[in-house]
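**Student:** Provided below for reference: sequence and predicted model.
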Amino acid sequence: MNNFSHLLLQWYQQHQRNLPWRNQTDPYKIWISEIILQQTRVEQGKEYYLRFIQRFPDVMSLASAQEDEVLKYWQGLGYYTRARNLHSGAKYIADRFNGKIPADYDDILKIKGVGNYTAAAIASIAFNLPYAAIDGNAYRVLSRVFDVNLPVDSQKGKIFFAELAQQVLDTRHAGSFNQAMMDFGSLQCKPVNMDCENCCMANICLANKNHTQHSLPIKQKSIQIKKRFFYYLCICQDDHIYLQKRLPKDIWAGLYEFPLIESETELSWEQIMNTPYFSHVLSHCLFTLEHISPVYKHQLTHRLVMGQFFYIKLHQGAPQWPPEVQTISKDLLFSYPISRLMETGLGNMPSFHTDQ
Ligand code: SF4
C-alpha cells in the first residue's frame, strides 16, 4: 500500500496541474476553490475563482457583502446553494472565529456547505492535517488500483473506501497526497480512456492486472431524471419589465427571473394563455405576443429543465401580479443575478442581447 502513495506523490511531482489555487496554504482560498470545483469543471472554475477572489479576497470581505452581489459573481456556475452557503459560512467564521478558518477538522466541518471531502481538503492542504479527501477521483483510483467492486455509493462502500484512503494516505504529505489523487484521477486514471499502458501504477494496479478497470468504480443507483417545463413571461411595457426572485428550497433560489408558469408536461402557447395564472394576470390588458423562443434544455443533476420564453408587449392595462413580482427598468435587467437558462433566453431574444 505504501508503494501506492509513493508512486502517487512521485507522479504528482512531475505532472501536477498549474492551478491558481495551488502552491499556497491560505485556507480561505482553498475553501473557495473546493466549493467551486464541487460541481464545476476545472477550466471553467479557474476564471470564476479568480474573479471571486479578486472581489472577495478574504473571509471578512465575503461576510460583509450583500447576497445579491455574491450570487452575481457566481452567475453561470450553477448550483447556487454553494454561493449562499459560502456567504453564510463566511459570516459564521467572521462571528465565531474572528474571520480565521480554524485549523481543526471538526470545526471546519461545521461551516455551512462543507462536507467530509471539503473539510479534509482544507485541513490537509492548508494545515497538513492527516485527513484523506475522498471525491469521485479518489473512489475511481482506489477502486481500480485495489480492484474493489463494492458500490461506491453504498453505505458499506463508503465506509470501506474511507478506511482504505486513510490507510494509504501519506500523513507527512497529506495535502500533496490529496491533490495528487485529484490530478491523477483527472489526468491519468480517467473515467473512460484511462491510459494504463503509460501509467506509473500499471504494475501494482489490480484492475489492470485483472482487466476490470473499465467496469470500475461500481455504482448502485442510477439517477432518476425528472423533467420540469418553465415558461417565462417576458412582459415589456415601455421601458419596464417584470422580474421575481426565486424562492428558497428550489433550484436557483435567490436568483431573479421573469414571472413563470411551471408545468410537468409540455404546454402550447394556447394552453399557457388558458392557465389560471396567465388569465388572472393579464385579464384586463391589451398585449401582443412578439416572439417565442426555442425550447432550451438545461440539464441539472436530477432534473432536466425545459425553458421557453414568451416575449410579450403590453399596450394597455396593468397586470395583476402577485406580490413577489417587481417592476424594473429594462436597462437594469443584467445587473440582477440570473440563471444560465435566463441568460441563454435573453441572449437569443430580439432586443435583449447582453451588450445592452
Ligand atoms: S493502470 Fe490503468 S486503471 Fe490502473 S491506475 Fe493506472 S490508469 Fe488507472
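**Tutor:** In hand now; what should we look at?
**Student:** Tell me the gap between the longest strand along the chain and the middle of its chain.
**Tutor:** For the chain, the strand reaching the highest residue count under DSSP state E is reported as strand 303-316. Here strand 303-316 is found 25 Å from its chain centre; the criterion is C-alpha atoms, centre = their mean, to the nearest Å.
**Student:** Which elements pack onto it?
**Tutor:** Counting by 3 or more C-beta pairs under 8 Å, 6 or more residues apart in numbering; DSSP states H and E, the packing neighbours recorded for strand 303-316 are strand 226-237, strand 286-292, strand 296-299, helix 340-347. In short, each C-beta sits where N, CA and C put it, glycine included.
**Student:** In it, which residues are buried?
**Tutor:** Of the residues in strand 303-316, those buried under the neighbour-count criterion (16 or more other C-beta atoms under 10 Å) are V305, M306, G307, Q308, F309, F310, Y311, I312, L314.
**Student:** And for stretch 131-146?
**Tutor:** Neighbour-count burial for stretch 131-146, with 16+ other C-beta under 10 Å as criterion, is recorded at 131-135, 137-146.
**Student:** May I ask which helix or strand encompasses N3?
**Tutor:** N3 belongs to helix 2-15 when assigned by DSSP states H and E.
**Student:** Pull the residues that contact that helix.
**Tutor:** When contacts are taken as C-beta atoms under 8 Å, 6 or more residues apart in numbering, the neighbours of helix 2-15 outside the stretch itself are 145, 168-170, 173, 176-177, 179-181, 183-184, 187-188, 200-201, 204.
**Student:** quick one: which of those residues sit in helices?
**Tutor:** The subset of the contacts of helix 2-15 located in helices under the criterion DSSP state H comprises V145, V168, S176, F177, Q179, A180, M181, D183, F184, L187.
**Student:** distance of R41 from S339?
**Tutor:** Relative to S339, R41 is positioned 18 Å away (C-beta to C-beta, to the nearest Å).
**Student:** Can you pick out the residue with more neighbours from these two?
**Tutor:** Neighbour comparison, R41 and S339: the larger count goes to S339, with 22 against 9 (by other C-beta atoms under 10 Å).
**Student:** The more buried one touches F258, doesn't it?
**Tutor:** No - the pair S339 and F258 does not pass the contact test of C-beta atoms under 8 Å, sitting 11.0 Å apart.
**Student:** Spell out the residue ranges of the helices in the stretch 1-150 of the chain.
**Tutor:** Listed in chain order, the helices of the stretch 1-150 of the chain (DSSP state H, counting those that start in this stretch) span residues 2-15, 27-38, 42-55, 59-63, 67-74, 81-97, 105-109, 116-127, 136-145.
**Student:** Tabulate these (JSON lines), appending mean pLDDT and distance to the ligand.
**Tutor:** As requested, the helices of the stretch 1-150 of the chain are exported to JSON lines (pLDDT from 0 to 100; distance: least, C-beta to the nearest ligand atom, whole Å):
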{"stretch": "helix 2-15", "mean pLDDT": "94", "distance to the ligand": "9"}
{"stretch": "helix 27-38", "mean pLDDT": "96", "distance to the ligand": "21"}
{"stretch": "helix 42-55", "mean pLDDT": "95", "distance to the ligand": "19"}
{"stretch": "helix 59-63", "mean pLDDT": "98", "distance to the ligand": "38"}
{"stretch": "helix 67-74", "mean pLDDT": "95", "distance to the ligand": "34"}
{"stretch": "helix 81-97", "mean pLDDT": "97", "distance to the ligand": "29"}
{"stretch": "helix 105-109", "mean pLDDT": "97", "distance to the ligand": "28"}
{"stretch": "helix 116-127", "mean pLDDT": "97", "distance to the ligand": "20"}
{"stretch": "helix 136-145", "mean pLDDT": "96", "distance to the ligand": "4"}
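**Student:** Redo the ones you listed as CSV? Include distance to K245.
**Tutor:** Listed next are these as CSV, based on distance: least, C-beta to C-beta, whole Å:
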stretch, distance to K245
helix 2-15, 44
helix 27-38, 22
helix 42-55, 22
helix 59-63, 21
helix 67-74, 9
helix 81-97, 13
helix 105-109, 31
helix 116-127, 28
helix 136-145, 33
